[in-house]
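In: sequence isn't available, so here's the structure alone:
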């Protein structure tokens, strides 16, 4: 199972925001990494550098490697609608992301682990593929055996964010993926137009 396993705080500092979730180390050092830290002179970035940075941010945010991300872009290009918006909708429709949005895990990497360790069901069938693309109306739930997991219960007790495109019942630990979210409903600070411009070169 391919995934990024390197230092997360360093990557978050590179983008200037805690893209992997709450991070105490990032709060202490919220400037770019490197030997000279804040004192290093940083020239104006080229158009290509800005576009590349935005693509990297999206990949790290959703925990997707290059080949998968490029395939999602191809799928978005072939779909009806605005390519950049469809790309983000495809990222948001991944099973690991929806598990994270439902509050079953405080991070996408944790949600990915719940899925791959067979704790999650889609339409009453155990699904262990984090990249599984959900469709409108799909029901996502926690396996009966896994409902008492401390990690899940702790995460739910600390979760308060509600998303209009997902319904969730914390008592039954199940919810419905109502539909792919509109761009305005996606809270991530990603400029998808830069990604489209980069891949279109």
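Out: Thanks, I have the structure now. Computed from a predicted structure; not experimentally measured.

In: low-confidence stretches in this structure?
Out: For the chain, applying pLDDT under 70 flags the ranges 1-43.

In: residue boundaries of the strands in it?
Out: 120-122, 125-126, 138-142, 166-169, 174-177 (DSSP state E).

In: let's have the ones you listed in TSV, adding mean neighbour count and distance to residue 78.
Out: Using the backbone N, CA and C atoms, a C-beta is placed for each residue, glycine as well. Shown next, in TSV, are the strands of the chain (neighbours: other CB atoms under 10 Å; distance: least, CB to CB, whole Å):
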stretch	mean neighbour count	distance to residue 78
strand 120-122	21	24
strand 125-126	9	28
strand 138-142	20	22
strand 166-169	16	26
strand 174-177	20	22
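
In: adding distance to residue 92, write those strands out as TSV.
Out: Converted to TSV, the strands of the chain look like this (distance: least, CB to CB, whole Å):
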stretch	distance to residue 92
strand 120-122	16
strand 125-126	21
strand 138-142	13
strand 166-169	10
strand 174-177	10
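
In: out of the ones you listed, which gets nearest to residue 191?
Out: For residue 191, the closest of the strands of the chain is strand 166-169, at 24.1 Å, according to CB to CB.

In: who does the closest one pair up with?
Out: Strand 166-169 has the following sheet partners, assigned by DSSP bridges: strand 174-177 (antiparallel).
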